[in-house]
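1. Below is the sequence, then the predicted model.
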Amino acid sequence: MSRRNKLYEGKAKVLFEGPEAGTIIQYFKDDATAFNAKKKGTLSGKGVINNIISEHIFTALGDIGIPTHFIERISMREQLIKAVEIIPVEVIIRNVAAGSICKRLGIKEGTPLPNPLVEYCYKSDELDDPIIAEEHILTFGWADELELEELTFYALRINDFLSGMFAAIGIKLVDFKLEFGRHYEEDQCTVILADEISPDGCRLWDMKTGEKLDKDRFRRDLGGEMEAYQEVARRLGILPSADVTEIADHLKKEG
Ligand code: UDP
């Protein structure tokens, strides 16, 4: 792990001071949590796979004009990113009903939604990330009107792009979570995509078999998490030639 100053440790990632002002190193851990960290585990090699999947997706999004915090991947578990002030709102985009919306509204899992549905949750571990309305975001000043409009526009554009990208490799993008941040450069403040996009924060179902290729395997004790994550990377054409579990063991030995 980086010898640099630790800035923040989250459930799946650690942030370290970057080499230059305004940069940060994002380190991907193998730790897995679910149900707001009530369930914990380690998936050997997950950090390596999520790092390359997220790199691939953020690069592709950058290529279609979505501003992101991603600068470059610098090692098997680390990427250099732009420092941002995280907007405390998780943006969830749903194409098919699954997870919390099924419980909340009594909808059967797998029901296709007539249009992509954008939901917002307040980012707070103590409160279990409660679902909120746009009015809460504006009332409490978590984002202003322009920022909210912009991040919602980006979220829908990202959904269109990623739905197509995954469909092309036989995967249905059921839902996913995005986080955005404010990036300050000179006198400018812009909203950019932050955090990660990986099977940890997406629901990905095989189009033919319906098999789950995401963190629901861990949440629901289905097993085969790493095989599923590697299958996503393999279909994206970015699986490292060596087995990630071996890479993870090797990195552990190196310290
Ligand atoms: N999600 C996430 N982090 C969260 C909450 C949700 O990455 O703190 C992702 C989750 O993996 C899924 C989507 O957002 O792809 C929708 O999650 P949902 O609201 O159904 O909640 P969950 O079933 O995860 O409790």
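-> Received it, and whenever you're ready, just let me know what you need.
2. How about the chain: which residue is closest to the ligand?
-> With Cβ to the nearest ligand atom, the shortest gap between the chain and the ligand falls at G99, namely 2.2 Å. In this view, the C-beta of every residue, glycine as well, is placed from N, C-alpha and C.
3. and that residue, how far is that from I64?
-> Using Cβ to Cβ, to the nearest Å, G99 is found at 27 Å from I64.
4. Tell me which of the two has more neighbours.
-> G99 (15 against 10; other Cβ atoms under 10 Å).
5. what residues are up against the more buried one?
-> Applying Cβ atoms under 8 Å, 6 or more residues apart in numbering, we find G99 in contact with 175, 203, 216.
6. quick one: the helices in the stretch 51-200 of the chain?
-> 100-105, 134-139, 145-167 (DSSP state H, counting those that start in this stretch).
7. Present the ones you listed as TSV; the columns should include mean neighbour count and mean pLDDT.
-> Formatted as TSV, the helices of the stretch 51-200 of the chain follow (neighbours: other Cβ atoms under 10 Å; pLDDT from 0 to 100):
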stretch	mean neighbour count	mean pLDDT
helix 100-105	13	98
helix 134-139	14	98
helix 145-167	17	98
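8. What pLDDT is listed against the closest residue to C202 other than its chain neighbours?
-> The shortest distance from C202 to any non-neighbouring residue, by Cβ to Cβ, 6 or more residues apart in numbering, is to F176 (3.9 Å). Looking at F176, its pLDDT is 99.
9. So F176 sits against G201, correct?
-> Yes. Applying Cβ atoms under 8 Å as the test, F176 and G201 come out as touching, 5.9 Å apart.
10. Between those two, which is the more surrounded one?
-> F176 (25 against 20).
11. contact partners of the strand or helix carrying R203?
-> Taking DSSP states H and E as the definition, R203 sits inside strand 202-206. Applying Cβ under 8 Å, 6+ apart, the contact partners of strand 202-206 are 96, 98-99, 166, 170-177, 211-214, 216, 232.
12. could you dump the helix or strand bottoming out on mean pLDDT in the chain to PDB, C-alpha only?
-> Using mean pLDDT, DSSP states H and E, helix 244-254 stands out as the lowest-scoring helix or strand of the chain, at a mean of 72. The C-alpha trace of helix 244-254 is given here as PDB (Å, rounded to 0.1, in the frame of the first residue of the first chain):
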ATOM      1  CA  VAL A 244      -6.300 -12.000  -9.700                       C
ATOM      2  CA  THR A 245      -6.300 -14.100  -6.600                       C
ATOM      3  CA  GLU A 246      -2.700 -15.000  -7.400                       C
ATOM      4  CA  ILE A 247      -1.900 -11.300  -8.000                       C
ATOM      5  CA  ALA A 248      -3.600 -10.400  -4.700                       C
ATOM      6  CA  ASP A 249      -1.500 -13.000  -2.800                       C
ATOM      7  CA  HIS A 250       1.600 -11.800  -4.500                       C
ATOM      8  CA  LEU A 251       0.900  -8.200  -3.600                       C
ATOM      9  CA  LYS A 252       0.200  -9.200   0.000                       C
ATOM     10  CA  LYS A 253       3.600 -11.000   0.300                       C
ATOM     11  CA  GLU A 254       5.300  -7.900  -1.100                       C
END
